[in-house]
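S.K.: Output the structure for:
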Amino acid sequence: MPKNRPDYSVLVNKNEDVFKKIFESEFWRCEYTKRKYILDIRDRKSIQEYYFIKSSCGVDLVDHASQFVMYHADVALGIDGDELAPRNDMYEYLEQVIIAYHNYAYLDDPKYRIDDNTGFGFDLWELVDCLGEREIESINILHADARKYGFFPMDLIAIHPIEKAECLIADYVSQHGEFPFFQNSFLMEKKLDPDFHYKDRNGKQYFVEEKSENAVYVYIDCLNEKETIEKIYQRIIGLINMALKGKVAYVAGVRENSDVQICFYNKSIIQDKSKLKTILKYNLSAYRNWYDPVKFMLTDDTIKVSKYLMVPGYENVPFHKRAAGLWIWDQVHFHKFKLSDAIEKARKIKSLKIYDNIEYSSILRLYNLAKMSVEKMEVLKFSDL
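M.R.: Just a heads-up that it's a prediction; the model follows:
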């Protein structure tokens, strides 16, 4: 079942096509990532067995992943060993525990800060004295997985019949007028270039030291709502040009009065003006929206940021084709069918639309797209094959 989440129907109605693309992109990124996560943790030891676990697809790998995640969830929540614990209710708090641990670990740095919009969030500072080593260790394991895979572990073990997904989504949209909400994404750990560091809402700057001799450091203020992103971008280009003229250090802008520090470790990105403009404008728009959503939320810039950050530039691969490729992947990797047998089985699934006149090589291409997408945890395109 989809999760509860804040109502954003106004946004959807205004930008239906954009949100459809965002939804489908995140849906497929999560489905591909689930498979990668389940394969990756198959060798991790599951300390406790839960007799009531029976995956919807009857797969040992999925059951093992569920055992592993549920064990650490129970330890983190203090209910391990309690078979009568109201797990469904308690697990509603697990995401908030991981978010609180994340913000506690990064000391509210805006670059890593995750806001809790559920209404019942809390601060780990309130709980840290009550947590033992086991609880902290399990929370740390779940948090590390969320950072690596980009979704909460509880979402990553939820495998649904992929052949029914398109129909279920369409029914939900028809009934509720908006897209269902299956998962929450998490802040993945990535090395960025250029890298951005920000000032928080209390005025504290989380800037790094200017230690790299060849890097370019630029400082900028960007929170004046009367100044457009385009104008801010032009100021940044001016500062970059100024920094490159430095004889001792490549630095421009006033650090003490700035909202954002931008670090260019590889100067080649500066030469790619089109790519640079996209990165700068969308990162600054995202930061402004985070810093003061009252001023900057529901703007065209915010919608463009969402699409840029979440929707890859891929050719239109119909939903049923991605579903067919991943369904075949499941048969091969979860159910241990031979690829040729899985493809023949797929022909019999009406919703996958693999008709008799479709050649084997074309179906194999769908499988290979799913296989590579799982390996990379990305929504890839056929030209990536």
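
S.K.: Test my guess that residue 276 contacts residue 267.
M.R.: No: contact criterion C-beta atoms under 8 Å: residue 276 and residue 267 do not qualify, at 10.9 Å. Placement of C-beta: from N, CA and C, glycine included.

S.K.: the more surrounded of these two?
M.R.: residue 276 (18 against 13; other C-beta atoms under 10 Å).

S.K.: the helices in the stretch 51-200 of the chain, which residues?
M.R.: Secondary structure of the stretch 51-200 of the chain (DSSP state H, counting those that start in this stretch): helices at 60-77, 87-91, 94-106, 133-149, 153-156, 165-176.

S.K.: Those helices into CSV, with extra columns for mean neighbour count, distance to residue 249 and mean pLDDT?
M.R.: Compiled in CSV, the helices of the stretch 51-200 of the chain are given as follows (neighbours: other C-beta atoms under 10 Å; distance: least, C-beta to C-beta, whole Å; pLDDT from 0 to 100):
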stretch, mean neighbour count, distance to residue 249, mean pLDDT
helix 60-77, 21, 45, 90
helix 87-91, 13, 50, 82
helix 94-106, 20, 28, 85
helix 133-149, 18, 32, 93
helix 153-156, 23, 43, 93
helix 165-176, 14, 53, 87
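
S.K.: Quick one: those as JSON lines, columns for distance to residue 30 too.
M.R.: Listed next are these as JSON lines, based on distance: least, C-beta to C-beta, whole Å:
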{"stretch": "helix 60-77", "distance to residue 30": "14"}
{"stretch": "helix 87-91", "distance to residue 30": "17"}
{"stretch": "helix 94-106", "distance to residue 30": "14"}
{"stretch": "helix 133-149", "distance to residue 30": "9"}
{"stretch": "helix 153-156", "distance to residue 30": "7"}
{"stretch": "helix 165-176", "distance to residue 30": "11"}
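
S.K.: List just the one of the ones you listed that sits closest to residue 287.
M.R.: Comparison of the helices of the stretch 51-200 of the chain against residue 287 by C-beta to C-beta identifies helix 94-106 as nearest, at 15.9 Å.

S.K.: got the angle between the closest one and helix 133-149?
M.R.: 90 degrees (axes from the mean of the first three to the mean of the last three C-alpha atoms, to 10 degrees).

S.K.: thought residue 370 was touching residue 322?
M.R.: Yes: with contact defined as C-beta under 8 Å, residue 370 counts as touching residue 322 (7.0 Å).

S.K.: Who has more neighbours out of those two?
M.R.: A count of neighbours by other C-beta under 10 Å puts residue 370 above the other of residue 370 and residue 322, at 28 against 24.
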